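> pasted the sequence and its predicted model underneath.
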Amino acid sequence: AMFAASPPSSMYDLLLLLEGASWVCSGNRSACWADPSTVSLTEAGFQQILAQSFAVPMATFVARVVEHYGGRVVSQGGLDGFAASVKSFEDIITEMEEQPRWAVWSPEAACILDSTSDAAVVGLTLEYACHHAWFNCSHIPEMCLGSDWDKAAYVLSVYVNERSVSRLPTCFFKGALIFGQAPAHAVHGSPCIVTADPLTTPLTDEGYQAIVKQSDPQKVAAFMYRVVVEQLNSTVSDESQLASLASNPPMSMYDLTSLLNESSWVCDADSPTCLPRPSEAPLSDQGFQQILAQGNETGIAVFALRVIDHFGGQVMDADSFNTTIQSVTSLKELVAVLEQRPPWALWKPEAVCAIQEDPGLAESMVVALTVEYACLHMHVFNCSNIPPQCSEDLWDAADYALSVYALEHGFDALPTCYFKGTLIFARTRADSSKC
């Protein structure tokens with residue numbers, strides 16, 4: 001903290017000073033403190049962090065437990081205050097069960113495994129769930145048979161869904177937090193976690209039953225729409241027919257698939273008469289209008305979720321999100337809403353300007369013109385100093401130049417990442433991104 005209060009003037013000086021600092025500990029030294037971002041979420045792991053007597057590591061550890069329970073920290077002050085007062089791992093669990101206001105909590109959080117869980121505990125938990133669930137564990141879908149963690153993620157989420165119990169008490173086993181965490185949106189969802197969210201739950205009979213049991217035709221329709229798009233590689237040509245089926249759903253996933261295959265209103269996606277799917281339509285106003293023309297609320301929601309994810313956001317209040325997007329009639333309107341950072345979503349401060357992963361969604365000419373504009377309007381940075389590893393490829397060069405441009409001008413990621421009516425470079429950067 002003392003070092004950060006008076007930082008060196010360049011990255012070069014920073015590296016030199018850090019290499020010689022006695023308080024910088026190499027990861028292969030036994031004297032190193034436990035890493036709060038990787039230590040096990042157990043009483044033992046907690047004690048290792050507590051022994052350090054530093055506020056920052058404890059706050060990092062607590063934030064992991066919050067995320068593990070389907071929450072996101074929204075008040076750093078609230079987190080820091082709690083972390084400074086916590087005395088035991090049980091204190092953290094108690095706080096999580098009360099869902100403190102310094103975090104927001106996802107109603108779709110499900111029971112899944114922590115990747116750092118002890119293999120023996122995972123095996124025992126999986127065995128227990130298989131013996132006490134109505135679900136037959138021999139029916140675990142093939143996509144989840146790759147590891148005990150995937151098997152347990154599926155079986156445990158089914159086990160909890162069968163009993164309709166709160167996720168918190170059931171996600172603490174043998175002193176280890178091993179399966180409470182919120183899944184991502186459908187665009188990045190896990191295939192092995194059964195949830196109450198029709199946009200993320202697996203397209204299996206267990207996932208179907210988790211939606212049908214809620215007796216919510218809109219959620220059932222959303223699930224059915226995903227089956228049409230993702231499993232049948234088709235699209236819905238008549239939403240009223242889909243709504244009618246959702247109001248009186250068949251008993252099983254097998255029956256549902258059979259009915260959809262025989263339905264005249266399910267259109268083969270390869271047919272030239274079919275409109276683009278919301279998960280693949282270009283993130284442009286033309287793409288939005290194509291989805292809007294289909295009159296399918298689920299399709300519009302899927303498209304809007306992609307835009308929000310693209311801007312570094314995550315929806316936390318699905319009802320408010322759905323209410324908002326129902327009144328949006330153009331991509332420009334949606335962008336204007338997102339620029340206000342609406343409270344129904346959580347916005348990552350690390351989101352920056354970067355070119356779309358798929359070059360096909362951003363024409364080379366538009367990218368080149370955008371980079372040229374950014375380079376001409378830099379106050380400090382000279383584009384001739386783009387690092388070698390980022391200068392050979394146009395998209396890498398654009399990633400670097402645009403993110404520096406946004407930092408220099410002090411803009412949020414949102415308004416600077418909407419260019420020529422097409423969303424081409426706003427998204428959360430992957431940790432592995434080099435530029």
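Received the coordinates, thanks.
> surely Ile300 touches Ala293?
No - counting by C-beta atoms under 8 Å, Ile300 sits too far from Ala293 to count as a contact (10.3 Å). The C-beta positions use only the backbone N, C-alpha and C, and glycine is treated the same way.
> neighbour count winner among those two?
Legend: neighbour count by other C-beta atoms under 10 Å for Ile300 and Ala293, higher for Ile300 (20 against 10).
> going on from whichever helix or strand the more buried one is part of, what's the next piece of helix or strand?
Applying DSSP states H and E as the criterion places Ile300 in helix 297-310. Per DSSP H and E, the first helix or strand lying C-terminal to helix 297-310 is strand 313-315.
> what's the helix or strand just after that next one packed up against?
Next helix or strand after strand 313-315 toward the C-terminus (DSSP H and E): helix 318-325. Contacts defined by 3 or more C-beta pairs under 8 Å, 6 or more residues apart in numbering; DSSP states H and E place helix 318-325 against helix 297-310.
> quick one: buried residues of the helix it packs on?
297-310 (16 or more other C-beta atoms under 10 Å).
> export those as CSV, with columns for pLDDT and distance to Trp347.
Listed next are the buried residues of helix 297-310 as CSV, based on pLDDT from 0 to 100; distance: C-beta to C-beta, whole Å:
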residue, pLDDT, distance to Trp347
Glu297, 85, 24
Thr298, 85, 24
Gly299, 86, 24
Ile300, 90, 21
Ala301, 90, 19
Val302, 89, 20
Phe303, 89, 19
Ala304, 91, 15
Leu305, 89, 14
Arg306, 85, 16
Val307, 84, 13
Ile308, 84, 9
Asp309, 78, 11
His310, 74, 12
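> of the residues you listed, just say which sits nearest to Met253.
Distance to Met253, by C-beta to C-beta, is smallest for Thr298 among these, at 17.8 Å.
> setting aside sequence neighbours, what's the nearest residue to Trp33?
Once flanking residues are discounted, Trp33 sits nearest to Gln52: 5.2 Å by C-beta to C-beta, 6 or more residues apart in numbering.
> which parts of the stretch 201-350 of the chain are strands?
Using DSSP state E, counting those that start in this stretch, the strands found in the stretch 201-350 of the chain span residues 234-236, 266-268, 313-315, 345-347.
> state the mean pLDDT of the third one.
Model confidence over strand 313-315 averages 83 on the pLDDT scale.
> can you give the strand pairings for that strand, parallel or anti for each?
Its sheet considered, strand 313-315 pairs with strand 345-347 (antiparallel) by DSSP bridges.
> about what we covered before: so which other helices or strands are in contact with the helix holding Ile300?
helix 217-226, helix 285-292, strand 313-315, helix 318-325, helix 331-339, strand 426-427.
> can you check the pLDDT for Ser271?
On the pLDDT scale, Ser271 is placed at 64.
> and for Val212?
Val212 is assigned 93 on the pLDDT scale.
> ok, now Ala21?
Ala21 is assigned 74 on the pLDDT scale.
> got the contact list for it?
Phe3 (C-beta atoms under 8 Å, 6 or more residues apart in numbering).
> quick one: it from Ser37, how far?
Ala21 is 20 Å from Ser37, where distance means C-beta to C-beta, to the nearest Å.
> and Met58, what element?
With DSSP H and E as the criterion, Met58 is inside helix 55-68.
> for that helix, buried residues please.
Across helix 55-68, burial judged by 16+ other C-beta under 10 Å covers Pro57, Met58, Ala59, Thr60, Phe61, Val62, Ala63, Arg64, Val65, Val66, Glu67, His68.
> my read: Ser106 touches Gly70, true?
Yes - look at Ser106 against Gly70 with C-beta under 8 Å: they come within range, at 4.4 Å.
> ok, these two, which is more surrounded?
Comparing Ser106 with Gly70 by neighbour count (other C-beta under 10 Å), the higher total belongs to Gly70, at 25 against 22.
> the more buried one is in contact with Val104, isn't it?
No - applying C-beta under 8 Å as the test, Gly70 and Val104 come out as separate, 9.6 Å apart.
> ok, back up a step: alpha carbons of the helix holding Met58, as PDB, please.
Only the C-alpha atoms of helix 55-68 are listed here, as PDB (Å, rounded to 0.1, in the frame of the first residue of the first chain):
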ATOM      1  CA  ALA A  55      -7.600  -6.800   5.200                       C
ATOM      2  CA  VAL A  56      -7.200  -7.200   1.400                       C
ATOM      3  CA  PRO A  57      -6.600 -11.000   1.300                       C
ATOM      4  CA  MET A  58      -9.600 -11.600   3.600                       C
ATOM      5  CA  ALA A  59     -11.800  -9.400   1.400                       C
ATOM      6  CA  THR A  60     -10.700 -11.400  -1.600                       C
ATOM      7  CA  PHE A  61     -11.500 -14.700   0.200                       C
ATOM      8  CA  VAL A  62     -15.000 -13.400   1.300                       C
ATOM      9  CA  ALA A  63     -15.700 -12.100  -2.200                       C
ATOM     10  CA  ARG A  64     -15.100 -15.700  -3.600                       C
ATOM     11  CA  VAL A  65     -17.600 -17.100  -1.100                       C
ATOM     12  CA  VAL A  66     -20.100 -14.500  -2.100                       C
ATOM     13  CA  GLU A  67     -19.700 -15.400  -5.800                       C
ATOM     14  CA  HIS A  68     -19.800 -19.100  -4.800                       C
END
